[in-house]
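Trainee: sequence below, structure please.
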Amino acid sequence: MYNPQLTAFVCAADCGSFTKAAEKLYLSPTAVMKQVNALEAHLQMQLISRTNQGIRLTPAGESVYADAKYLIDYSARAIRRAQQRMSDYEKTFCVGTSILNPCKPFVDLWGKVSDHFPEYRLNIVPFEDEHTTILQEISALGEKFDFLVGVCDSAKWLLHCHFLQLGTYRKCVAVRAGHPLAKKEKLQISDLYGQNLMMVPRGDSAINDQIHHDLEVCHPQIHIVDTPQYYDMGVFNHCAQTDDVLLTIECWRDVHPLLVTIPVEWEYTIPYGILYAVHLPEDVAELIALVKEQL
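Mentor: As a prediction, this is how the structure comes out:
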């Protein structure tokens, strides 16, 4: 944090001799003298006058001495603050949150297990739902976040994390508020005949792949339109600005104020739960074990 030669200089000034300073610093008198000489050479000024009675500070030395004492004290306090911050950080669980992946289910669980972690606190870390970068966010588990909470049936997501299922959400559909279907409290699948149904393409989600298959085989009157591989607000905005119908889930009911979410007479659900890193630190592993007990 500061030039270590200052320590030798201040100690020599306090002791009045290089020999006594050497005893305090567990160095040889020659080593202390060399450090002071090096400091004087670096500053290009004489700090200490050598006399037969010992050493004394020059006017420049007195000025440097006063400031050096402040620097050494300030540096020590700065290091203590940094150590405290590091200690606080190490006793923090970081939970990611976004519009489509809110952390509230985790916060609710935290209330049940927090007694086991009296020195820990939660730090909520926001991130963006962007279909081009969501895999980077999932990969940041263990670094940027300790936990995320969300729906997860993605083969690609599960290459980068572990998943502890907490429950399931019903698959629903969403339409713009002025859509002819918006006034219905519940839909039959036949209500979707002739509609464009927006959903993610095949290949990443077994559940969505099954819905794709069932609708194409049993209900070909529904026209399936592929969205990006992962939803973001652009998908919801498109639905709000067109007559397309969006395959969604019940917990996203309030994601977009211009959309109406409607249940459908089918049995499709998708799991949601806690996502966490493949390689776990001990405290994260302990929390996951406690959550499993709660379940």
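
Trainee: quick one: the residue lying farthest from the centre of the chain from residue 239, how far?
Mentor: Ranked by distance from the centre of the chain (CA atoms, centre = their mean), the top residue is residue 52, with 63.1 Å. Per CB to CB, to the nearest Å, residue 52 is found 92 Å from residue 239. C-beta: built from backbone N, CA, C; applies to glycine.

Trainee: again with residue 95
Mentor: Counting by CB to CB, the gap from residue 95 to residue 239 is 29 Å.

Trainee: these two: who's more crowded?
Mentor: Set residue 95 next to residue 239 and count neighbours by other CB atoms under 10 Å: residue 239 wins out with 25 against 20.

Trainee: hang on, that one packs against residue 252?
Mentor: No. With contacts counted by CB atoms under 8 Å, residue 239 stays clear of residue 252, the gap being 11.2 Å.

Trainee: what sits in contact with each of those two?
Mentor: Applying CB atoms under 8 Å, 6 or more residues apart in numbering, one finds that residue 239 and residue 252 are jointly contacted by residue 174.

Trainee: give the helix, strand or coil label for the closest residue in space to residue 100 that isn't next to it in sequence.
Mentor: Among residues not flanking residue 100 along the chain, residue 129 sits closest, at 4.5 Å (CB to CB, 6 or more residues apart in numbering). Following DSSP: H, G, I helix; E, B strand; the rest coil, residue 129 is assigned to coil.

Trainee: so where is the stretch 1-150 of the chain shaky, pLDDT-wise?
Mentor: Counting by pLDDT under 70, the stretch 1-150 of the chain contains low-confidence residues at 1-2, 79-80, 82-90.

Trainee: what about the strands in it?
Mentor: Listed in chain order, the strands of the stretch 1-150 of the chain (DSSP state E, counting those that start in this stretch) span residues 48-51, 54-57, 92-97, 121-126, 147-151.

Trainee: quick one: the third one to strand 147-151, angle?
Mentor: Translated: strand 92-97. Orientation of strand 92-97 against strand 147-151 (axes from the mean of the first three to the mean of the last three CA atoms, to 10 degrees) gives an angle of 30 degrees.

Trainee: any idea how far strand 92-97 is from the middle of the chain?
Mentor: 6 Å (CA atoms, centre = their mean, to the nearest Å).

Trainee: buried residues in that strand?
Mentor: Neighbour-count burial for strand 92-97 flags 93-97 (criterion: 16 or more other CB atoms under 10 Å).

Trainee: elements contacting that strand?
Mentor: Helices and strands touching strand 92-97, by 3 or more CB pairs under 8 Å, 6 or more residues apart in numbering; DSSP states H and E, are helix 104-113, strand 121-126, strand 147-151, helix 282-294.

Trainee: list of residues touching stretch 42-52?
Mentor: So stretch 42-52 is in contact with 3, 5, 9, 12-13, 36, 39-40, 55-58, 60-61, 64-65, going by CB under 8 Å, 6+ apart.

Trainee: ok, back up a step: neighbours around the residue nearest to residue 100, how many?
Mentor: Neighbours of residue 129 using other CB under 10 Å come to 20.

Trainee: need phi/psi at it.
Mentor: Dihedral angles of residue 129 (phi, psi; degrees, to the nearest 10) stand at phi -90, psi 90.

Trainee: just say which of the helices and strands packed on strand 92-97 is most tucked in.
Mentor: Highest mean neighbour count of the helices and strands packed on strand 92-97: strand 147-151, a mean of 25 (counted as mean count of other CB atoms under 10 Å).

Trainee: export the very next helix or strand once past it as PDB, just CAs?
Mentor: Note on strand 147-151: by DSSP states H and E, the next helix or strand toward the C-terminus is strand 162-176. Only the C-alpha atoms of strand 162-176 are listed here, as PDB (Å, rounded to 0.1, in the frame of the first residue of the first chain):
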ATOM      1  CA  HIS A 162     -27.200 -28.100 -11.500                       C
ATOM      2  CA  PHE A 163     -31.000 -27.800 -11.000                       C
ATOM      3  CA  LEU A 164     -33.000 -28.400  -7.800                       C
ATOM      4  CA  GLN A 165     -36.700 -28.600  -8.700                       C
ATOM      5  CA  LEU A 166     -39.100 -26.700  -6.300                       C
ATOM      6  CA  GLY A 167     -42.300 -27.200  -8.300                       C
ATOM      7  CA  THR A 168     -44.000 -26.800 -11.600                       C
ATOM      8  CA  TYR A 169     -45.800 -24.000 -13.400                       C
ATOM      9  CA  ARG A 170     -48.700 -24.500 -15.800                       C
ATOM     10  CA  LYS A 171     -48.200 -23.800 -19.400                       C
ATOM     11  CA  CYS A 172     -50.600 -21.000 -20.600                       C
ATOM     12  CA  VAL A 173     -51.000 -18.700 -23.500                       C
ATOM     13  CA  ALA A 174     -50.800 -14.900 -23.600                       C
ATOM     14  CA  VAL A 175     -52.500 -12.500 -26.100                       C
ATOM     15  CA  ARG A 176     -52.700  -8.700 -26.400                       C
END
